[in-house]
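K.L.:
Predicted model and sequence follow; I will ask about them next.
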Amino acid sequence: MRASPDNAHPSELAHFGALASRWWDPQGPQKALHVLNPVRLAYVAQQMPLVGKQVLDVGCGAGLLAEALAAAGAKVTALDLAPELIEVAQLHLLESALHVDYRLASIAQVAAAQPAHFDVVTCMELLEHVPDPQALIADCVRVLAPGGRLIISTLNRNPASFALAIVGAEYLSGLVARGTHHYAQFIRPAELAAWLRAAGLVLDDVRGLYYNPLNHSARLGRSPAVNYIASARREQ
């Protein structure tokens, strides 16, 4: 896949941009994200109290997590590179009456303009979709204030994740649109840990993020075998 200077695949932006109109439909193509969102929010709040904190949501889509963070009391800035998603996210604020500073911008642009500014950076289900995930992590660290936290969710790379996230979710159940995931871009926890260390962060928590397609429920668990979420801190 061809990459842009913004560390993005144009084909990936087009894929997700095409889903924008139904992003907020809990029975639509992002149904799993709607179920996972409360679990992700609770995890972020557990890692750092959110009231009054400056939070940056990188790869925000049409704003599911960004709005939830704002409703929890955070001062939220949210980024995406698909204009269709930012447009839908901004329109949804008219319904929710929340405040989120949505930007059609890359994390590299924000890192150059606002270094060491944010208390929390969230990056959910994005690393496996960019050409250079290590560079994206480095840019996320640049915007973190001392003592801040980077919270990432992504997919492990192993036979179980291939079977569940691609074969099961995309081709058998249709839970996720076909072409959403590319197995070669999945990231093992050890790889993520090495990138975080290289960027100067301390990884102190990794949990499995489980989605049950039978009863459409989600929870955290011990095993990061398929989906997982991790929290790393920037020391003072």
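P.N.:
Nice, thanks for sending it over.
K.L.:
Report the contact partners of residue 118.
P.N.:
54-56, 77, 143-145, 148 (CB atoms under 8 Å, 6 or more residues apart in numbering). In short, each C-beta sits where N, CA and C put it, glycine included.
K.L.:
switch the cut-off to 10 Å
P.N.:
When contacts are counted by CB atoms under 10 Å, 6 or more residues apart in numbering, residue 118 touches 53-58, 75-77, 110-111, 140, 143-145, 148-150.
K.L.:
give me the low-pLDDT residue ranges for the protein?
P.N.:
1-4, 170-172, 174 (pLDDT under 70).
K.L.:
Tell me where the longest helix sits in it.
P.N.:
In the chain, with assignment by DSSP state H, the single longest helix is helix 31-47.
K.L.:
Grab the nearest non-local neighbour of residue 15.
P.N.:
Leaving aside its sequence neighbours, residue 15 sits nearest to residue 179 (CB to CB, 6 or more residues apart in numbering; 6.1 Å).
K.L.:
For the one you found, grab the count of nearby residues.
P.N.:
Counted with other CB atoms under 10 Å, the neighbours of residue 179 add up to 11.
K.L.:
Same check on residue 105?
P.N.:
Count around residue 105 with other CB under 10 Å applied: 17.
K.L.:
residue ranges for the helices of this protein, please.
P.N.:
Counting by DSSP H, the helices of the chain are 10-17, 31-47, 64-71, 83-96, 107-113, 133-143, 159-161, 189-198.
K.L.:
Dump those to a markdown table, plus distance to residue 216 and mean neighbour count.
P.N.:
Formatted as a markdown table, the helices of the chain follow (distance: least, CB to CB, whole Å; neighbours: other CB atoms under 10 Å):
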| stretch | distance to residue 216 | mean neighbour count |
| --- | --- | --- |
| helix 10-17 | 21 | 17 |
| helix 31-47 | 5 | 18 |
| helix 64-71 | 15 | 23 |
| helix 83-96 | 22 | 16 |
| helix 107-113 | 31 | 17 |
| helix 133-143 | 29 | 21 |
| helix 159-161 | 20 | 14 |
| helix 189-198 | 26 | 16 |
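K.L.:
any chance of those helices in a markdown table, with distance to residue 231 too?
P.N.:
Conversion of the helices of the chain to a markdown table gives the following (distance: least, CB to CB, whole Å):
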| stretch | distance to residue 231 |
| --- | --- |
| helix 10-17 | 25 |
| helix 31-47 | 5 |
| helix 64-71 | 15 |
| helix 83-96 | 25 |
| helix 107-113 | 18 |
| helix 133-143 | 13 |
| helix 159-161 | 20 |
| helix 189-198 | 10 |
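K.L.:
Of all these, which one is nearest residue 207?
P.N.:
Residue 207 sits nearest to helix 31-47 of all these, at 7.1 Å, using CB to CB.
K.L.:
you'd agree residue 56 is up against residue 123?
P.N.:
Yes. With contacts counted by CB atoms under 10 Å, residue 56 reaches residue 123, the gap being 8.9 Å.
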